[in-house]
Structures are given as structure tokens and as C-alpha cells.
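Novice: attaching a predicted model along with its sequence, questions to come.
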Amino acid sequence: PDLFQSPDYYLLDDLLTDEHKLVRDSARAWVKREVSPIIEDYAQRAEFPKQIIKGLGEIGGFGPYIPEEYGGAGLDQISYGLIMQEIERGDSGVRSTSSVQSSLVMYPIWKFGTEEQKMKYLPKLATGEFMGCFGLTEPDYGSNPSDLVTNYKDMGDHYLLNGAKMWISNAPFADIAVVWAKNEEGRIHGLIVERGMEGFTTPETHNKWSLRASATGELIFDNVKVPKENLLPGKSGLGAPMMCLDSARYGIAWGAIGAAMDCYDTALRYSKERIQFGKPIGGFQLQQKKLAEMITEITKAQLLTWRLGVLRNEGKATTAQISMAKRNNVDMAINIAREARQMLGGMGITGEYSIMRHSMNLESVITYEGTHDIHLLITGADITGIPAFK
Ligand code: TGC
Ligand code: FAD
């Protein structure tokens, strides 16, 4: 069976350009060929499949919207979204690697870096020759990153960095880390920390039940001497990492649709093949209700996200609009995964099908890049003008 039918109930393909469709179809074909056949095994073994890094770079999985002069693909925001959708149709953990590299490592270097930093890092990050990670979250500061305590001191010819980051995707194998730390005045700045710098270690986080094919770790800085030229000078304050999160959350909104599509496709196909009480289970009203609700929710998410892509292309999308799409789509996907799993009965809990893996992965996706609750509060603050975080 074709593992990748793409539900397109409202003929959204009519809204895409030929380039969008070409980019999406090549990402889809690559995921089907290189990711889907192996990913269950890697997830079961809790290992990131490093051999796919090169291919991820080739399909535009690393910095698709970064200009070509820096090694990026120079694509628009809808192409970026479609690539994320197709990667997450395969696995949220693989999409995480792509999101982090694109929006949390390449994006800040592109937006806030010097010309020398851009030339040194971006082309190699675009091919996957260098892999990066993003350190914002700390053991004691998750939803409230503005209170983070990782800090650096000006030692004259270098900075001295101390502190720790937790829950960092790609940390165990990353060559560089974009780290958010406070200077002596308490102002947040981004620093590029390279593997091999003395006092910098990246212990892996074990025993995850979610995002098992993605490597997660800590970043520990024990008097790390960071060269002054590694500071990102273009922007400081919490707004700098928040701009990166805008870009990553936008990609996740698309990615979650991919995970939901895969669960829906799998459940729909199964419902036509599985016979109980003498007929396909897809012929029972209760199962049709589940499928009908799934395709409705996917279609609504597709429309929301396509419009958001247009707004991003025009430079008009607000943080709150991006937040709404991230929250809505991940919630939509996790609910679809749960319903789809039930439609497969006992088979749904096995690794023969992708649904349980998507379901567990989405527990991370609904938590990282701002929890579901934090995103509700972002919308609440936006519409009332009264922030309720504190
Ligand atoms: P708040 O008072 O709202 O803002 C502080 C300063 O930042 C500015 N700002 C922005 N600037 C540009 N773009 C944005 N999107 C901005 N958002 C905020 C703001 O103007 C202000 O500037 P200034 O000059 O006035 O100081 O900040 P707050 O402390 O009240 O926090 C707001 C809150 C809670 C919404 C925010 O901190 C938040 O979103 N928390 C969630 C944390 C989060 O999302 N962490 C993600 C970590 S990375 C990750 O999870 C990667 S997962 C791997 C993968 O992607 O696959
Ligand atoms: P907490 O902030 O402690 O939240 C706990 C609970 O309290 C949540 O339900 C939350 O919604 C709720 N809560 C918190 N504040 C409020 C409030 N004001 N009002 C109401 N409810 C509230 N971070 C990075 O920097 N880089 C990465 O690459 C990265 N990758 C990750 C990968 C994985 C697999 C995971 C699980 C996390 C990753 N994170 C990363 C961290 C992620 O962003 C944080 O886990 C997330 O922001 C939540 O922080 P926390 O876990 O400390 O939860």
C-alpha cells in the first residue's frame, strides 16, 4: 500500500506553486525511502539515525529559507513548512533535528551574527557537516526563560561561561551550541560554544518514552573560555531567542499536520481492511465518526497554517498568531494519534504501525517550544492585553 497518501480535502494544492509542490514531493519521497523503513527500529533502540543527516541537508531540511549565498536553499516560508510536514510524517524526532538546526541554530547566526560567523558556520550547517543545538531551557527555568541564570563574564580577551542547560535536542552529538546566557548586567546574549572547548560537556538524557529517535542532552559549562568573536552581536534580550522560537514554532505547526496525516492515513486504510462482525470496521458509524472528525481537524489546521505561511512570507505574522497555530495543530495531532491508535485495536500498540510512536512523540511536541498552557496564555494575553503568566 502507498504509505503516503496526502489528505487534501479542500484542494489546498491549488494554493501551492509548482515550486512548493516540487519541494514537498521530493521531501516526501525521501522520507518514504530513507526514514520510514528504519525509524521504528531507531526509536525502539533510542538512537538518532545519523546516516540521514546528509539527505536531510539535500532535501532542504537545514535552513530552507536561508539565502543561497550562505548555503541555504533560499525557499519561502510555505516550502519550509511543507518540508517540516513531510519530515514529521516520518517522525517528530527527525523533524526536531531539522527544526533545531534550521530555526534555532542557523536562524540566529543568520539574523544576529557577523558576516564572518555567517560564512564560517552557515554553509556547513546547511549540508549537515556541522550539527548544532540551542540552549535556552535550564533545570530551574523552562516556561520562564527570562529568569535564566547561565552567565558569562568579560575577562578582557575572552568570556568565561558558567551554567547548565537541560532538555537540549541534538546536544549529545552537536558540533556547536547556540547558548543564551546573561552578561554581568543581567542582559541575555547568544554565544556560539564549540565542542572541544575546555569545561564544556553534553551528557545524554536517557529513559525517554517520547522522541526516542532524537538525541536529547544537557549542556554543562564549567568555566568555559569562549572567544569574544563567538558572541552574536545583532540582538540581545529575551526577544532574540523568542524570534528563533517564532520560526521554529511555525515549522512545528506544519510538522504536526504531517504526524496527524500519517495517523489518519494509517487508520483509514486499516479500517477498510480489518473485518469484524463480518464487515470492515470502517463501515461502523463509531469508526466513521472518528475518521470524519480527523479529516475535518486536519483540513482546518491546513487552512490555518497555509494562511500563516502567507503572513510569514509577507513579514506580517505575529508571535501570537504563530503560537495559536502551534498549540492548535499539536493538540489536533495528539488527539488524532490517540483516536487512530484505538481504531487499530491491539495492533495499534505495536511498532508494526507508526501511530503509537507518533502519539508518544507528540507528548514532547506539546511540551517543548512553549507548553500547551503557555500558548493558551499567549493568546489570552494578546486578546485581553493582560499577561497572566505571573
Ligand atoms: P515578555 O515580557 O513577553 O518579553 C520579554 C522581552 O522579549 C521581547 N519579545 C519578543 N521580541 C521579538 N519577538 C518575539 N517573539 C518576542 N517575544 C518577546 C519582548 O518584547 C520583551 O522585550 P523588552 O525589550 O521589553 O524586554 O517575556 P516573559 O518573560 O513574560 O515571557 C513570556 C513567555 C512566557 C510567553 C515566554 O517566555 C515563552 O514563550 N515561554 C516558553 C518558553 C519556550 O518556548 N521555550 C522553548 C525552548 S526551545 C525548545 O523547546 C526547542 S524544542 C526542539 C525542537 O524545536 O524540535
Ligand atoms: P515547566 O515550565 O516547569 O512547566 C510545568 C507545567 O507547569 C507545564 O504544564 C506548564 O504548562 C505549567 N506552567 C508553567 N508556567 C505556567 C503558568 N505561568 N501558568 C500556568 N501553567 C504554567 N529546550 C531548549 O532550550 N532547547 C531544546 O533543544 C529543547 N529540546 C527539548 C526536547 C525535548 C524532548 C523536551 C521534552 C524539551 C525540550 N526543551 C528544549 C525544553 C522545553 O522547551 C521545556 O521542557 C518547556 O519549555 C517546558 O519547560 P519545563 O519542562 O521546565 O516545564
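Specialist: Received it, and whenever you're ready, just let me know what you need. Ligands and ions are numbered 1, 2, ... in the order given.
Novice: OK, contacts around the residue nearest to Gly132 when sequence neighbours are not counted?
Specialist: Closest residue to Gly132 in three dimensions, ignoring its sequence neighbours and counting by C-beta to C-beta, 6 or more residues apart in numbering: Val105, at 3.2 Å. (Each C-beta comes from the backbone N, C-alpha and C, glycine too.) Residues near Val105 by C-beta atoms under 8 Å, 6 or more residues apart in numbering: Leu125, Gly132, Cys133, Phe134, Ile176, Val178.
Novice: in helices, which of these fall?
Specialist: Taking DSSP state H, the ones among the contacts of Val105 that sit in helices are Leu125.
Novice: so which of the contacts of Val105 reach ligand 1?
Specialist: Phe134 (C-beta under 6 Å from any ligand atom).
Novice: give the helix, strand or coil label for the residue nearest to Gly132.
Specialist: helix (DSSP: H, G, I helix; E, B strand; the rest coil).
Novice: from now on call the first residue 840
Specialist: Noted, 840 is the first residue going forward, which turns the last one into Val944.
Novice: ligand 1 versus that one, what's the distance?
Specialist: 11 Å (C-beta to the nearest ligand atom, to the nearest Å).
Novice: shaky segments in the chain?
Specialist: For the chain, the stretches flagged by pLDDT under 70 are 840-844.
Novice: what residue in it comes nearest to ligand 1?
Specialist: Gly1078 (2.8 Å; C-beta to the nearest ligand atom).
Novice: ok, that residue to Arg1088 distance?
Specialist: Relative to Arg1088, Gly1078 is positioned 15 Å away (criterion: C-beta to C-beta, to the nearest Å).
Novice: for these two, indicate the residue with more neighbours.
Specialist: For Gly1078 and Arg1088, the more surrounded residue by other C-beta atoms under 10 Å is Arg1088, and the numbers stand at 25 against 10.
Novice: the more buried one: what secondary structure?
Specialist: Following three-state DSSP, we place Arg1088 in the helix state.
Novice: tell me if I'm right that it and Ala1159 touch.
Specialist: No: using C-beta atoms under 8 Å, Arg1088 and Ala1159 do not qualify as a contacting pair, with a distance of 10.9 Å.
Novice: overlap of the contact sets of the two?
Specialist: Any residue near both Arg1088 and Ala1159 by C-beta under 8 Å, 6+ apart counts here, and not one turns up.
Novice: need the contact list for the residue lying farthest from the centre of the chain.
Specialist: Within the chain, the residue lying farthest from the chain centre (C-alpha atoms, centre = their mean) is Gly1117, at 42.8 Å. Neighbouring residues of Gly1117 by C-beta under 8 Å, 6+ apart: there are none.
Novice: and the helix or strand in which Ala1179 is found, what does it pack onto?
Specialist: Element membership of Ala1179 [criterion: DSSP states H and E] is helix 1158-1182. Counting contacts by 3 or more C-beta pairs under 8 Å, 6 or more residues apart in numbering; DSSP states H and E, helix 1158-1182 is packed against helix 1078-1112, helix 1124-1152, helix 1194-1204, helix 1211-1223.
Novice: mind checking how far stretch 1051-1067 is from the chain centre?
Specialist: In terms of C-alpha atoms, centre = their mean, to the nearest Å, the gap separating the centre of stretch 1051-1067 from the centre of its chain is 19 Å.
Novice: is there proximity between that stretch and ligand 2?
Specialist: Yes: counting by C-beta under 6 Å from any ligand atom, contacts between stretch 1051-1067 and ligand 2 involve Thr1055.
Novice: buried sites along that stretch?
Specialist: Of the residues in stretch 1051-1067, those buried under the neighbour-count criterion (16 or more other C-beta atoms under 10 Å) are Arg1051, Ala1052, Ser1053, Ala1054, Thr1055, Gly1056, Glu1057, Leu1058, Ile1059, Phe1060, Val1063, Val1065.
Novice: which residues touch whatever residue of the stretch 1040-1189 of the chain ends up closest to ligand 2?
Specialist: For the stretch 1040-1189 of the chain, the nearest residue to ligand 2 under the criterion C-beta to the nearest ligand atom is Leu1050, separated by 4.5 Å. Taking C-beta under 8 Å, 6+ apart as the criterion, Leu1050 is in contact with Ser931, Gly932, Ser935, Ser1008, Met1199, Asn1200, Ser1203, Val1204.
Novice: next, count neighbours for the fourth one.
Specialist: Read that as Ser1008. 24.
Novice: thought it was touching Ser937?
Specialist: No: because the distance of 10.2 Å does not satisfy C-beta under 8 Å, Ser1008 is recorded as not touching Ser937.
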